[in-house]
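Colleague: Fold the following and give me the result.
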Amino acid sequence: CFVVALAKLYSVVEEYPGQLTAIARQGSGSASRSLFGGFVKWLKGEKEDGTDSIAVQIADENHWPEVRAIILVVSDKEKDTSSTSGMETSRLTSSLLNYRASNIVQSRLDEIEQAYINKNFEVFGKITMQDSNQFHATCLDTYPPIFYMNDISRIIIRIVHLINEHHNQIIAAYTYDAGPNAVIYTLDKYVPLLLAIFIRYF
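Modeller: Residues are numbered from 1 along each chain as shown. As a prediction, the model looks like this:
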């Protein structure tokens, strides 16, 4: 992260815990979380100046070393709608986004945090996929609608569900941010199988 590099270069000392993550957040929320390894939570905060909207590490990168992420690059083209402008349009026009923020996000955060701490991949994977699906549902609920995923993205979703149904458990979990490329979370022992399947079809 650029913020970390600059902080180390100039020997910056935080005035309060999480200050560097608050600075990084001004670039993007993802940047604020990238200052740590492992499982990191971004607190929305309550203060008007945003100083308490920081990232905190819940578990370090050594807590669950068996977890792997497979990145499936569906398209490297520039997307039609940027993440920033898309989120602002959703905020202004999507009633689903407002409902999600008020009624769903916090409980899911609590559940997935506990699942990660307990190394429960079944729960972790299910919530990961559900939340990804709902994020893209808010994109469709936005006016005019935003389409980040494409046909290949949706085929990947179907394949992941077929794999999990075949094994009668969740061994792979997809997630998509504001774009068509998939991140597939799994455990180390399933990586060879999943790679073989995705290479076979793509």
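
Colleague: Off-centre distance for the helix ranked longest in the chain?
Modeller: For the chain, the helix that runs over the most residues, judged by DSSP state H, is helix 121-141. Offset of helix 121-141 from its chain centre (Cα atoms, centre = their mean, to the nearest Å): 9 Å.

Colleague: List the contacts of it.
Modeller: 67, 86, 90, 93-97, 100, 104, 108, 111-112, 114-116, 145-149, 160, 164, 169-178, 185, 187 (Cβ atoms under 8 Å, 6 or more residues apart in numbering). Yep, even glycine has a C-beta here, placed from its N, CA and C like the rest.

Colleague: contacting residues for the nearest residue to Val74 once chain neighbours are set aside?
Modeller: What sits nearest to Val74 in space, not counting adjacent residues and going by Cβ to Cβ, 6 or more residues apart in numbering, is Pro180, at 4.3 Å. Counting by Cβ under 8 Å, 6+ apart, Pro180 touches Val74, Ser75, Lys79, Tyr148, Met149, Asn150, Ile152, Ser153.

Colleague: did I read that right, Thr186 in a strand?
Modeller: Yes - secondary structure of Thr186 (DSSP: H, G, I helix; E, B strand; the rest coil): part of a strand.

Colleague: pLDDT below threshold where in this protein?
Modeller: 1, 4, 7, 10, 27-29 (pLDDT under 70).

Colleague: re earlier: check which helix or strand the residue nearest to Val74 maps to.
Modeller: Per DSSP states H and E, Pro180 falls between elements, in no helix or strand.

Colleague: ok, now how distant is it from Glu66?
Modeller: For Pro180, the distance to Glu66 (Cβ to Cβ, to the nearest Å) stands at 28 Å.

Colleague: Likewise for Arg200?
Modeller: 24 Å.

Colleague: Repeat that for Phe135.
Modeller: The value you get for Phe135 to Glu66, if Cβ to Cβ is used, is 26 Å.

Colleague: returning to what we had before: of all the residues in the longest helix of the chain, which ones are buried?
Modeller: For helix 121-141, the neighbour count (16 or more other Cβ atoms under 10 Å) marks 121, 124-132, 134-136, 138-139, 141 as buried.
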